[in-house]
Each structure stands twice: as C-alpha cells, then as structure tokens.
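J.: Mind looking at a prediction? Sequence and model below.
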Amino acid sequence: MNRLSWFNVTSLTLGFAFLYLPMVILVLYSFNESKLVTVWAGFSTKWYGELLQNEAFLDAAWVTIKVAVISSTFATVLGTMAAYVLVRGGRFLGRTLFSGMIYAPLVMPEVITGLSLLLLFIGIGLDRGVLTIVLAHTTFSMCYVSVVVSSRLMTFDRSLEEAALDLGCSSFDAFRLVTLPIIAPAVISGWLLAFTLSLDDLVIASFTAGPSATTLPIKIFSAVRLGVSPEINALSTIMIGIVTVGVISASLISKRNSLRQQRDEQAAARTA
Amino acid sequence: MAETVFAPWDDPNEKPLIRFQNVTKRFGEFVAIDDLTLDIFEREFFALLGPSGCGKTTMMRMLAGFETVSEGSIELAGQDIAAVPPNKRAVNMMFQSYALFPHLSVYENIAFGLRRGNMPKHDLDARVTEMLKLTRLEKFARRKPHQISGGQRQRVALARSLAKAPKLLLLDEPLGALDAKLRQATQFELMDIQEKTGTTFVIVTHDQEEAMTVASRVAVMDEGRVMQVATPERIYEAPESVYVADFIGDVNIVAGQSTPMGEDRYHISWAEGQQPLVAASDRPFTDGQSCHLAVRPEKIAISAERPADVDNAVQGKVLDIAYLGNLSTYYVELPGGQIIKSQTANTRRISRRTFTWEDTVWVSWTATAGVLLAQ
C-alpha cells in the first residue's frame, strides 16, 4: 500500500469534512442534555424518549412510509412498462415525443410539478390527503425508474427474449419469465430510488398534502420554523441511521454476489 | 449400395421440408435476400455458407419467424408459414450467443420449452433426462449457466433447442465461440446427434471447413443470392462460378479465351507466346469465349524436369514457399507474371526440400484437373 501524501490527506479531510461535518454536529447535539440547541450540557438520550411520545411526529412518519411504499411500487410498475416500450417497441408513431416527454419531469422544477398537480386535484375535486401525495409522488418518480430500467434494458441480450419466444412463450410470458427476472436488480434499484425520492420530498408534498395527512419532511420543516428543538435532531439521527444501514448492507450484498459469481466462473473454467 | 446413399435432392418425387419460393427481404432500401428459391429436405444437414452480410442469418431468422418475408413465400412441410408467429412454429433455434437463461439451472433451461407445452411432470422429467444424457450433461443439471464451461454451455443450448423435438433445428454459428480443438470434436458430436434424432438441421456458418465437415449439402451465398447448392464434394471439385471456386479453399484461376477441340476438350490461350492450356469441360464454350480455368493447388505437380505425357506443363520460378507442417505450398511465378500455387504433402519426416527460392521448376496438371468456368 502506498502511503498517502500530505496533499491527498488534506484533500480527503477537506472533502469529508465538507460532506459530513454538518451531520456529525446534528448527531452530537441529538444527545445533548440541554434544551438549547447551541449549548452543550452533557450526554443524554431523553430527546429520543420524548420523540416516541410525540403523536404528531409518529403519525407523519407513518404517512411518509405508507406514501413512499405505495408510490414507489406504482412508479416502478409504470416506469418499467414505459422503459420496456421505449427500448423494445421499435419505431412507432410519436416515439421520439414519448421518450422526450417521459424524461421531462427530471429537469422540471419541482415547484411547477407540484403546482400543476395541485391545480389538477382541485380541478377534478379530489380532496388532498394520502391519495393525492401518492399520485403526485408516483408521477414524478416514475421517470427516474424508467431511466434506471431502460439503461439496463439497452444492454440486455435481445436473443434471450427471442429464445423464449422460440421455445413457445407468448411475448408477455417471455417478459414475465425471462426479461423481468434478469432485469430484477435494476427494477429493485429503481424502486429504492423512487422510495428515497418520495421519503425526502418536501416541495411536491407540501403542494399536494392536506390537513388530513402530513409527511415527515413537512412536519420537520414547519416545526423548525418555530425553532429547532433537540427532538428534531433525534429524529434526523434516526433517519441518518436507517439510511446508513441500508446503503452499507446493499453494497455488502452486491459485493458478496459478485465475489460468488467470480468464484463460480473460475470453478467452471477449471472443470472444463 | 446405391440405395443407401442419402440424396433426396436428386429424387424428383421427394417433397422438400422447407421451400423458399422467390423470397425477397428488404430492410428499407437494402436488399438482404434477393429473389431466392431453395429446397431443403427432411433429415438433411444443410449449411448456409457465406461471408458476413451475405444474408445467411436473415434467412435463418425468417425460418425462425423473427423476420417477415417482403416478397415470395416460405413453406414448411407444405404450409406457408408467413402468418405463424415464432412461438407456434415447429422450429427451434440455437443462438450464436447460446442465449441461455442465466437465472435458471441447466435442467430448467432444457425444460423451459417443454413447460410451455403443459407436458405432464413425469414425461417432462423423462424428456429432460434424455436430453441431458444425449449431450452428456447429467452431472451439471443443477448448475447455473455461469457455473459451467463454454463447451458445456454450447451443449446446454443444443439440448434446450432439441428438447421439443422440432421438425427443424436452426443453428446460428453454433461453434463460433469454441476454440479450434473443441470445435472439431463438437462438429462430429453435432453430426452424431443429428443422425440419432433424425432432425433436419440448418446451420449458418462462415467457416467453410465446418460447413464441409458437417453438411450433407452446402449453399454458398453472396449478397443475398445463392451462388450454388451442392454436396461438399461437388462444391469443392465442381464449382459453378469463379466466386464459389475462390470462396471455398485455395484455387488457381487462369483467365483466357477458349477454342473448342472436340470431345469436350478446349484449348485456352492465356498469355502471349505461351502454349495454350488443355482443359476438359462438360459445359460448352464457343470459339473465342472468355473463360477462367480453376485448378486446386493440390492437383498441380511441381518438378525440376518437364514431365512426359502431361496435358499442361509450364515453366516458372519459385517465388515463395509456405511450410504448413503437413503441407508445403510453392508459389511459382510464370513468365507472364501469373502466379500458380502448387501444394505437396510432406509425407516423409524432415526430408530435404527439393526446391528452394528462385529455382526454375515445371508446374504441370492434367486436362481434367481443373474446371472451366464462364464467370
């Protein structure tokens, strides 16, 4: 192993400090005894206890998870279907228009998406609540899913589908039995992407949420306007913890899988 | 003896399994297949041979149902198959990339087609086991495709495409991904399996040796047209055009003008101040018609003295020698600049080479050694 030069050490430190210093401070202060956010008064976990008593936060958290699970599932189904048509459909009338339009929400300012959805819901007389947030989140996250899935489909060996057709599958069966299982990792990461997008969306949710349902980001944002409480620090620390565990386990699983694949291939080459 | 020879193409009463009738296939402006008519018979091992882009893969994909016909018709067992989708055709294909399903085991890959047909579990198991046995894969049934070697994958692909007992099996460059040694062994294995199952095989290849080895008949293709369809021997020994003669194996082509000498014999004047060459031909040529004499290098002898009693003998100078181990090819330059290749088998071990560079030698061949071609 090469020793790092002072320059590399400095840039590494600067970079990581830039990224993680704010979060480290937040995590530290979540264990602060004092009610004042900026004054350290000793270690305590009492804010975590108080958080669990706070009905409003727990309700918002439950709504957020519900919305994220349902909307990312819908978005995954729709996004995968759109990606499949775009990559496999060949030339059809309006293909260019369709492919342009499916990616437009990626660059559209969220305020505009949120506002137009709000106008639509008012126009058709839909009461704002969990349903409207789910619809809104499905709308904006399905294009992310379709980007992820279509990039996987581009490299997908077409002859696998042809082989399935050749062996007697209908096109739907070929998709269900061959294409889908093979692109499943991309579909799952599309779902995870949609899930996290929905989890931390504030702008679109604030347009489409109603008095009956509030998501956690909205709740935190409005609470912070009345002053930052250590409770919010505790809540944020929990969220950071969940995300960290998720990211680390995902990378460990994929690393283990690729190692196993490599080992299998070497074994196969030896027995040949 | 004559009855045992397999040659349904010579029997006018025999009905072909596949009949291409005036088939044309266009991709936009590009004509991939140009007014092609061809019959393939049951139990044949038929090879489509040609350079890349000659339309051989397109023909195969039309048979499998992945491409539609622009004009003309393709019949399978007397039925036009234009309207039949790929999943309803009694045709299976072995893909160049093998296209094994990576998420399924070897067993499930082979069972895949059978499961689509709602086969009872007991029969299905028996059939898959039979296929595993045929391709010597019993030990690997539970492995995934990435856990077996390239040669084994090739056999899985073959077993999977044979499992449904298709009337016709299409093989797209089936041995392209294997190394030379394994390819040779697999060629014989393919022939063996074809014979055992009695399935009609159509193989697409750009490897002429492979086509010659496995096929009962070979179709040489170029730019969407079939140049010649014949048995490997006929293709090699009696090509009908300079293209076919040149495409298959090594050949000397001498261009000249013919003069009929009676009894199917012709004199060919080919260079100023040189004796005309003598060649026999069943095909008639007129006086002064331009023609090409095609002679294989191994049919040309090389000697220091002019051999007696030989139809054609020309003096030249050794320009190059290619030593291939089993064979040596001498490149002899004739006075007019024409180069003649003469091939001799090195039948004796480490024998002293008789000729070396710049030696003056005679190359000679008989009147029947070559084929006289119009174009």
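T.: Cool, got the structure. Numbers count the residues shown, from 1 in each chain, chains lettered A, B, ... in the order given.

J.: CA atoms for contacts and neighbours, from now on please.
T.: Fine.

J.: Just give the nearest non-adjacent residue to the residue of the stretch 101-250 of chain A found nearest chain B, would you?
T.: In the stretch 101-250 of chain A, no residue comes nearer to chain B than residue A:168, which is 4.0 Å away by CA to the nearest CA. Of all residues not flanking residue A:168 in the chain, residue B:87 sits nearest, at 4.0 Å (CA to CA, 6 or more residues apart in numbering or on different chains).

J.: residues touching residue B:313, list them.
T.: B:306-307, B:362-365 (CA atoms under 8 Å, 6 or more residues apart in numbering or on different chains).

J.: Recalculate using a threshold of 7 Å.
T.: B:306, B:362-365 (CA atoms under 7 Å, 6 or more residues apart in numbering or on different chains).

J.: try residue B:20
T.: Counting by CA under 7 Å, 6+ apart, residue B:20 has contacts B:36-39, B:73-75.

J.: which of those residues tops the neighbour count?
T.: residue B:74 (24 neighbours; other CA atoms under 10 Å in any protein chain shown).

J.: Give me the distance between the residue of the stretch 101-250 of chain A closest to chain B and residue B:155.
T.: 20 Å (CA to CA, to the nearest Å).

J.: Which one of the two is surrounded by more residues?
T.: Comparing residue A:168 with residue B:155 by other CA under 10 Å, the one with more neighbours is residue A:168, at 26 against 22.

J.: Give me the most central residue, the chain.
T.: I'll assume chain A. Central residue of chain A (CA atoms, centre = their mean): residue A:196, 2.3 Å from the mean position.

J.: my bad, the chain I had in mind was chain B
T.: Central residue of chain B (CA atoms, centre = their mean): residue B:211, at 3.3 Å.

J.: Verify the assumption that that residue is located in a helix.
T.: Yes - assessed with DSSP: H, G, I helix; E, B strand; the rest coil, residue B:211 lies in a helix.

J.: And the pLDDT at it?
T.: Confidence at residue B:211, expressed as pLDDT, is 92.

J.: Quick check: nearest residue in space to it, chain neighbours excluded?
T.: residue B:47 (5.7 Å).

J.: residues in contact with stretch B:267-281?
T.: By CA under 7 Å, 6+ apart, stretch B:267-281 touches B:255-261, B:264-266, B:311-312, B:336, B:367-368, B:370-372.

J.: Count residues in the vicinity of the closest residue to residue A:186 other than its chain neighbours, would you?
T.: Spatial nearest neighbour of residue A:186, chain neighbours left out: residue A:149 (5.6 Å); criterion: CA to CA, 6+ apart. Residue A:149 has 27 neighbours, counted by other CA under 10 Å.

J.: What's the separation between residue A:149 and residue B:282?
T.: 64 Å.

J.: can you list the residues of chain B near chain A?
T.: B:86-88, B:92-93, B:99-101, B:103, B:113, B:116, B:146-149 (CA under 7 Å from any CA of the partner chain).

J.: Show me those that map onto helices.
T.: B:113, B:116 (DSSP state H).

J.: and the residue nearest to residue A:168, what does it touch?
T.: Taking CA under 7 Å, 6+ apart as the test, what residue B:87 contacts is A:165-170.

J.: what distance separates the helix or strand that contains residue B:33 from the centre of its chain?
T.: According to DSSP states H and E, residue B:33 maps onto strand B:30-40. Counting by CA atoms, centre = their mean, to the nearest Å, strand B:30-40 is centred 17 Å from the centre of its parent chain.

J.: okay, that strand in PDB with CA atoms only?
T.: The C-alpha atoms that make up strand B:30-40 are tabulated as PDB, following Å, rounded to 0.1, in the frame of the first residue of the first chain:
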ATOM      1  CA  PHE B  30     -31.200  -2.600 -48.600                       C
ATOM      2  CA  VAL B  31     -31.900  -5.900 -50.200                       C
ATOM      3  CA  ALA B  32     -30.800  -8.600 -47.800                       C
ATOM      4  CA  ILE B  33     -32.300 -11.600 -49.700                       C
ATOM      5  CA  ASP B  34     -32.700 -11.300 -53.500                       C
ATOM      6  CA  ASP B  35     -35.400 -13.500 -55.200                       C
ATOM      7  CA  LEU B  36     -34.100 -16.700 -53.600                       C
ATOM      8  CA  THR B  37     -35.500 -20.100 -54.400                       C
ATOM      9  CA  LEU B  38     -34.300 -23.100 -52.400                       C
ATOM     10  CA  ASP B  39     -35.500 -26.600 -51.200                       C
ATOM     11  CA  ILE B  40     -34.300 -28.300 -48.100                       C
END
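
J.: got the contact list for the helix or strand that comes right after that strand?
T.: Sequence order places strand B:45-49 as the next helix or strand after strand B:30-40, per DSSP H and E. With CA under 7 Å, 6+ apart as the test, strand B:45-49 has contacts from B:56, B:200-206, B:208, B:211, B:215-221.

J.: So for the very next helix or strand once past strand B:45-49, mean pLDDT?
T.: Downstream of strand B:45-49, the next assigned helix or strand under DSSP H and E is helix B:56-64. The pLDDT scores in helix B:56-64 average 92.

J.: Wasn't residue A:131 part of a strand?
T.: No - applying three-state DSSP, one finds residue A:131 to be helix, outside a strand.

J.: Per-residue pLDDT of it, please?
T.: pLDDT recorded at residue A:131 is 92.

J.: ok, it - how many residues close by?
T.: 17.

J.: quick one: contacts for it?
T.: Counted by CA under 7 Å, 6+ apart, residue A:131 has zero contacts.

J.: Around chain B, pick out the residues from the stretch 101-250 of chain A.
T.: A:159-160, A:163, A:165-170, A:178, A:182.

J.: can you list the weak-confidence ranges in chain B?
T.: B:1-4, B:350-352 (pLDDT under 70).

J.: For chain A, give me its nearest residue in it.
T.: Counting by CA to the nearest CA, chain B gets nearest chain A through residue B:87, at 4.0 Å.

J.: In the chain, which helix is the longest?
T.: Using chain A. Chain A, longest helix under DSSP H: helix A:230-271.

J.: Wait, chain B was what I had in mind.
T.: helix B:180-197.

J.: what does that helix contact?
T.: B:175, B:214.

J.: Would you state the strands of the stretch 201-350 of chain B in chain order?
T.: For the stretch 201-350 of chain B, the strands defined by DSSP state E, counting those that start in this stretch cover B:217-222, B:225-230, B:252-262, B:265-269, B:277-280, B:290-295, B:301-303, B:312-323, B:327-333, B:339-345.

J.: Distance to residue B:109 added to the ones you listed, as a markdown table?
T.: Converted to a markdown table, the strands of the stretch 201-350 of chain B look like this (distance: least, CA to CA, whole Å):
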| stretch | distance to residue B:109 |
| --- | --- |
| strand B:217-222 | 31 |
| strand B:225-230 | 35 |
| strand B:252-262 | 49 |
| strand B:265-269 | 60 |
| strand B:277-280 | 56 |
| strand B:290-295 | 49 |
| strand B:301-303 | 54 |
| strand B:312-323 | 47 |
| strand B:327-333 | 45 |
| strand B:339-345 | 47 |
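
J.: For the ones you listed, state which one has the densest average packing.
T.: strand B:217-222 (a mean of 24; mean count of other CA atoms under 10 Å in any protein chain shown).

J.: which helices and strands does that strand pack with?
T.: Here strand B:217-222 touches strand B:45-49, strand B:225-230, going by 3 or more CA pairs under 7 Å, 6 or more residues apart in numbering or on different chains; DSSP states H and E.

J.: Okay, now the sheet partners of the shortest one, with direction.
T.: Each strand pairing with strand B:45-49, determined using DSSP bridges, is listed with its direction: strand B:200-205 (parallel), strand B:217-222 (parallel).

J.: Helix, strand, or coil at residue A:38?
T.: coil.

J.: Now for it, how many residues are close by?
T.: Counted with other CA under 10 Å, residue A:38 comes out at 11.
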